[in-house]
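*Asks:* Here is the input, now give the coordinates:
(chains A and B)
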2 protein chains.
Amino acid sequence: MKKIIECVPNFSEGRDLEKIEKIVNPFRGKDGVKLLDYQRDEDHNRLVVTVVGEPEPLKEAVIEAMGVAIREIDMTKHQGQHPRMGAIDVVPFIPIKNVSMTEAIELSKEVAKEAAEKYNLPIFLYEKSATRPERQNLAKIRKGEFEGMEEKLKDPDWKPDFGPDKVHPTAGVTAVGARMPLVAFNVNLSTDNLEIANQIARRVRHISGGLRYCKAIGIELKDRGIVQVSMNMTDYTKTALYRVFELIRIEARRYGVNIVGSEIIGLVPMEALIDTAVYYLGVEDFSMEQILETRIME
Amino acid sequence: MKKIIECVPNFSEGRDLEKIEKIVNPFRGKDGVKLLDYQRDEDHNRLVVTVVGEPEPLKEAVIEAMGVAIREIDMTKHQGQHPRMGAIDVVPFIPIKNVSMTEAIELSKEVAKEAAEKYNLPIFLYEKSATRPERQNLAKIRKGEFEGMEEKLKDPDWKPDFGPDKVHPTAGVTAVGARMPLVAFNVNLSTDNLEIANQIARRVRHISGGLRYCKAIGIELKDRGIVQVSMNMTDYTKTALYRVFELIRIEARRYGVNIVGSEIIGLVPMEALIDTAVYYLGVEDFSMEQILETRIME
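*Replies:* Residues are numbered from 1 along each chain as shown, chains lettered A, B, ... in the order given. Got it, this is the predicted structure:
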């Protein structure tokens, strides 16, 4: 049974195609590592790589790519709309198959330790790998961004988990950690009233009293003349897609509004949708072992 | 992109464990072939093997197992409740991944041709591989069973597609063909009235005016005091699970009966359930490429 982990490193380079290819290159043509996708955003000036692999080869490829990014990216010259604190801004590891969260956390710590020593780079552990509660949330670690990190690291509360206590002069600071797969799930409503989407978002999202693993905002789809509850589901094994979907339906009724459809953006783990089908069909005693494809994959 | 085909050969031996192991053995420890399951039934005196693999190695393993079955099984001494006509009763090939139905049909014909020549065995092509409409249905080919085959093969209409025009003295006759994956899907009703399950089964199944790829009967679950519409979905890509489920719900209303749950027996292709989830969530523009696991499998 092969162990498969996903890694979605975010690098602070979204414009220079030559540099981007150099950073992505360590993920190509390696046994036990598969590059699934990479997307750059010019406005954000940021590169998001999606790669899966077995723990050891994945770890080595990630550390190698981090080294390339440190050589190629100069944060003192970086500008972009997306908040960022380092050349390698954030490196999340996600358990996918035959791997526990504990193992993903362990791998994230090994990568953080080795990269910090090899590149003299300050690294914070975040999310499930965090060593203190206030370091779980990436936004809190990143607050102040690259330009504010020199000052921030003087505070003993912000001593990095690995590496020096001082910002890397051109590569800044990096966060490494383990998290569950995110599912980007949007539900469209039969109204153009953004306030309704926002009110529903507030009721279903965790921060304002809703479901534990749901982040949500209302957004307008101007070209279609409708609004949408746009969500990040941060642990679909605990907050199921069908549950937030039915909750939105119930809340929408209050306004005489209907759900007109939904969207799943990017990749989604099979189990998130199987779970939904099993709920709506009321399948008794279903096991993921019954999925033919899970039996074929080694 | 590896091509994966499933094969579910049925052998006429469900009692002698030593013989069963010999028949299953060619599917073990071979590159490109994976034995998923094998189940014997003493009353049926029958062995059902589930194996997946790449076309060439799968073909060789199947032909090898057929040879073992011919050596080990003597149909002149075979008794069992399940209808049967040969030592290797039926060999269906099912396209699973990166394989078209056309390719599965081609493979079934190669296996039929080679096995017929090698073992001097009369073979009929059936289902999607059938050379005439009356040979699509296995039950029609098998009618008369082993004991009636000698007489049946004298009729020019029942000249085998491959092999001799005469029954193999101890191995009888075999059917080989390609078909879609079956999904065994049962829907439970809030009543103990079998007639209601039977009436609903008649309305949803193809043969009596229902959905094209649905076979259905009513059965009693005596221990639970309920009844069930028990179905074989013969092409889930054309007759979706949610569609027959909602149709049963609508028909049940007529009797003031509700659906209280469902069952999926054995293996089910991922797509059958993803399709159901996408329907209930109303996901727009969903592609199977968005399933993380499909991207990981080579």
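*Asks:* Which residue is the nearest non-sequential neighbour of residue A:41?
*Replies:* With sequence-adjacent residues excluded and distances taken as C-beta to C-beta, 6 or more residues apart in numbering or on different chains, residue A:41 is closest to residue A:14, at 4.9 Å. From N, CA and C alone the C-beta is placed, and that goes for glycine too.
*Asks:* err, residue A:276, not the other one
*Replies:* On the basis of C-beta to C-beta, 6+ apart, the spatially nearest residue to residue A:276 that is not a chain neighbour turns out to be residue B:277, at 3.9 Å.
*Asks:* How far off centre is the helix or strand hosting that neighbour?
*Replies:* When secondary structure is defined using DSSP states H and E, the element that contains residue B:277 is helix B:270-281. The gap between where helix B:270-281 is centred and where its chain is centred comes out at 22 Å by C-alpha atoms, centre = their mean, to the nearest Å.
*Asks:* Quick check: next helix or strand after it?
*Replies:* Beyond helix B:270-281 on the C-terminal side, the first helix or strand identified by DSSP H and E is helix B:292-296.
*Asks:* Briefly note if that following helix comes near chain A.
*Replies:* Yes - using C-beta under 8 Å from any C-beta of the partner chain, helix B:292-296 reaches chain A at B:292-296.
*Asks:* on contacts alone, who are the packing partners of the worst-scoring helix or strand of chain A on mean pLDDT?
*Replies:* When the helices and strands of chain A are scored by mean pLDDT, DSSP states H and E, helix A:292-296 comes last with a mean of 84. In terms of contacts (3 or more C-beta pairs under 8 Å, 6 or more residues apart in numbering or on different chains; DSSP states H and E), helix A:292-296 is packed against strand B:33-41, strand B:88-97, helix B:270-281, helix B:292-296.
*Asks:* and of these, who's closest to residue B:63?
*Replies:* Between residue B:63 and the helices and strands packed on helix A:292-296, the shortest separation by C-beta to C-beta is 9.7 Å, and it involves strand B:88-97.
*Asks:* which residues in chain A form strands?
*Replies:* Assigned by DSSP state E, chain A shows strands spanning A:4-7, A:10-11, A:33-41, A:46-53, A:88-97, A:123-127, A:174-178, A:183-189, A:214-221, A:226-233, A:259-265.
*Asks:* which of these sits most buried?
*Replies:* Ranked by mean neighbour count, the strands of chain A are led by strand A:174-178 with a mean of 29 (mean count of other C-beta atoms under 10 Å in any protein chain shown).
*Asks:* before we move on, back to that, run the angle between the helix holding residue B:277 and strand B:259-265 for me.
*Replies:* Computed with axes from the mean of the first three to the mean of the last three C-alpha atoms, to 10 degrees, the direction of helix B:270-281 lies at 160 degrees from that of strand B:259-265.
*Asks:* which residues does residue A:225 contact?
*Replies:* Residue A:225 makes contact with residue A:192, according to C-beta atoms under 8 Å, 6 or more residues apart in numbering or on different chains.
*Asks:* My error: substitute residue A:63 in the last question.
*Replies:* With contacts defined as C-beta under 8 Å, 6+ apart, residue A:63 is in contact with A:111, A:114-115, A:118.
*Asks:* Just put those in TSV and tack on neighbour count.
*Replies:* Below are the contacts of residue A:63 laid out as TSV (neighbours: other C-beta atoms under 10 Å in any protein chain shown):
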residue	neighbour count
A:111	27
A:114	17
A:115	25
A:118	14
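*Asks:* Show me those that map onto helices.
*Replies:* Counting by DSSP state H, the part of the contacts of residue A:63 found in helices is A:111, A:114-115, A:118.
*Asks:* Looking at these, point me to the pair that's furthest apart.
*Replies:* In the ones in helices among the contacts of residue A:63, two members sit farther apart than any others by C-beta to C-beta. They are A:111 and A:118, at 10.4 Å.
*Asks:* Would you agree residue A:22 is in contact with residue A:68?
*Replies:* Yes - with contact defined as C-beta atoms under 8 Å, residue A:22 reaches residue A:68; the gap is 5.4 Å.
*Asks:* Hmm, residue A:127 is touching residue A:140, no?
*Replies:* No - shown here, residue A:127 and residue A:140 do not form a contact pair, counting by C-beta under 8 Å, at 11.4 Å.
*Asks:* care to break chain A down by domain?
*Replies:* A:4-178, A:183-296 (automatic domain parsing).
*Asks:* okay, residue A:278: pLDDT?
*Replies:* As predicted, residue A:278 sits at a pLDDT of 97.
*Asks:* Tell me how far it lies from chain B.
*Replies:* In this view, residue A:278 and chain B are 7 Å apart by C-beta to the nearest C-beta, to the nearest Å.
*Asks:* How many residues are close by the residue lying closest to that residue once chain neighbours are set aside?
*Replies:* For residue A:278, the nearest residue in space outside its immediate sequence neighbours is residue A:286; the separation is 4.9 Å by C-beta to C-beta, 6+ apart. Applying other C-beta atoms under 10 Å in any protein chain shown, we find 20 other residues in the vicinity of residue A:286.
*Asks:* Pretty sure residue A:286 sits against residue B:266.
*Replies:* No - between residue A:286 and residue B:266 there is no contact under C-beta under 8 Å: 11.5 Å.
*Asks:* can I get the CA coordinates of stretch A:36-44 in PDB?
*Replies:* Included here for stretch A:36-44 are C-alpha records, laid out as PDB according to Å, rounded to 0.1, in the frame of the first residue of the first chain:
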ATOM      1  CA  LEU A  36      -0.400  17.600 -10.900                       C
ATOM      2  CA  ASP A  37      -0.600  21.300 -11.600                       C
ATOM      3  CA  TYR A  38       1.000  24.700 -11.300                       C
ATOM      4  CA  GLN A  39      -0.700  28.000 -11.700                       C
ATOM      5  CA  ARG A  40       0.900  31.400 -11.600                       C
ATOM      6  CA  ASP A  41      -1.000  34.700 -11.000                       C
ATOM      7  CA  GLU A  42       0.500  37.900 -12.300                       C
ATOM      8  CA  ASP A  43      -1.500  40.200 -10.000                       C
ATOM      9  CA  HIS A  44      -0.700  38.100  -7.000                       C
END
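*Asks:* now stretch A:93-105: how far from the chain's centre is it?
*Replies:* 14 Å.
*Asks:* So what would you say the end-to-end distance of it is?
*Replies:* 8 Å (C-alpha to C-alpha, to the nearest Å).
*Asks:* just stretch A:151-167 next, same as before
*Replies:* The first residue of stretch A:151-167 is 9 Å away from its last residue (C-alpha to C-alpha).
*Asks:* who touches that stretch?
*Replies:* In contact with stretch A:151-167 (C-beta under 8 Å, 6+ apart) are residues A:112-113, A:115-117, A:119-125, A:131, A:134-135, A:143-144, A:149-150, A:173.
*Asks:* Would you list the buried entries among these?
*Replies:* Buried by 16 or more other C-beta atoms under 10 Å in any protein chain shown: A:112-113, A:115-116, A:119, A:121-125, A:135, A:144, A:149, A:173, out of the contacts of stretch A:151-167.
*Asks:* Find the pair from these with maximum spatial separation.
*Replies:* Largest separation among those by C-beta to C-beta: A:113 and A:144, giving 24.1 Å.
*Asks:* Skipping adjacent residues, who's closest to the residue sitting nearest the centre point of chain A in space?
*Replies:* Averaging the C-alpha coordinates of chain A gives a centre point, and the residue nearest to it by C-alpha atoms, centre = their mean is residue A:182 (6.0 Å). When the adjacent residues along the chain are set aside, residue A:182 lies closest to residue A:232, with 5.4 Å between them (C-beta to C-beta, 6+ apart).
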